[in-house]
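Asks: Sequence and predicted structure, then a few things I'm wondering about:
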Amino acid sequence: MQPLEGGAEATHNVEPLLRAAAALPIAAVLGAALAFRPVRRGTPPRKPAVIQTQIILAVIGAVVMLIVGASLARAFGIAGAASLVRYRAKIEDPKDAAVMLAALAVGLASGVGLYAIAAGSTVFILVVLWLLESLQPEAQKHFELKIKGKRIDDLRPKIEALLRGKARRFEARTTGPDELAYEVFLPATARTDRLSNGIVALVPDGKIEVEWDEKKS
C-alpha cells in the first residue's frame, strides 16, 4: 500500500501545477481580448500602459484564485493583506502598480506553502511583462526647440542634419533670419544639453541662444 500512497501524494502535488498551467495562459488570453477590444468611433485611444496593466491584472486574478482555492480563511487573509498595502509615492506607469499586486500574490502563495505556484506564477508574469514591453514603442520626449542668433537661418541645413542624427523626428515650426523653432521628439534617454552643445559649436563666435521647452504628451 505504501507505493500507492506515494503515487497519490505525487498526483496531489502535481494537480495545482496543472491547474496553474491551464489557468494562467487562459487568463492572459482573455485579459488581452478585453484589453485589445475595438475602440468605438469618438472614444479616446487607450494608452499602451493601461492595456498592458489590464492583461497583467487578469493573470494576477488567476494567481489569487489559485491560492484561495476553496479556503475561506485564505480569502479573508488576502483581503486583509491587500488592505494593508499603502503606497503614497506617485506611480507613473500603471504596470508598476500591477507588479506590486503580483508581488503580493506570489508572497501570499509562498506564505501558505504553495511554492510551485508562487515560482511558476512569477516566471509566467515575467514572460508576459517581457512580451508586452517588447511590443511597446520606445518612450520618447516631446520638446519645442528655439534657436536664436544672428543670421541663424544660414545654418539651418547643418542644424537639421544634427537633429536628423539624434531626434526620432522633428518638424520646423517657424523660420526667420535670426530665429528657428522646431517641434522635436527625442528618445527618453537622450540629453538635450549634448544637442545644445552641438548646435552652439556650429557658430564660430558662440553667440547663439538654444532653448528647450518640454511638452506634456
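Replies: Ah, there it is.
Asks: tell me the domain ranges of this structure?
Replies: For the chain, the structural domains run 2-38+46-135, 140-215, going by automatic domain parsing.
Asks: mean pLDDT lowest for which of those?
Replies: Mean pLDDT per stretch puts domain 2-38+46-135 lowest among those, at a mean of 76.
Asks: how about H142, secondary structure?
Replies: strand (DSSP: H, G, I helix; E, B strand; the rest coil).
Asks: how about the residue lying closest to it once chain neighbours are set aside, what does it touch?
Replies: Across the structure, with Cβ to Cβ, 6 or more residues apart in numbering as the measure, the residue nearest H142 apart from its sequence neighbours is K215 (4.3 Å). Quick note: C-beta positions are derived from backbone N, CA and C, even for glycine. For K215, the residues meeting the contact criterion (Cβ atoms under 8 Å, 6 or more residues apart in numbering) are H142, F143, E144.
Asks: Highest neighbour count among the residues you listed?
Replies: Looking at the contacts of K215 with neighbours defined as other Cβ atoms under 10 Å, the largest count falls to F143 at 21 neighbours.
Asks: A190 is in contact with that residue, correct?
Replies: No: look at F143 against A190 with Cβ atoms under 8 Å: they stay out of range, at 9.7 Å.
Asks: want to try a markdown table for the contacts of K215, with distance to A97 as columns?
Replies: Formatted as a markdown table, these follow (distance: Cβ to Cβ, whole Å):
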| residue | distance to A97 |
| --- | --- |
| H142 | 25 |
| F143 | 28 |
| E144 | 32 |
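Asks: What separation do you get for the residue nearest to L57 when sequence neighbours are not counted and P204?
Replies: Distances taken as Cβ to Cβ, 6+ apart place A98 nearest to L57, at 5.6 Å, with adjacent residues excluded. Shown here: A98 relative to P204, a distance of 54 Å by Cβ to Cβ, to the nearest Å.
Asks: who has more neighbours, those two?
Replies: In terms of neighbours (other Cβ under 10 Å), A98 is the more surrounded of A98 and P204; the figures are 22 against 6.
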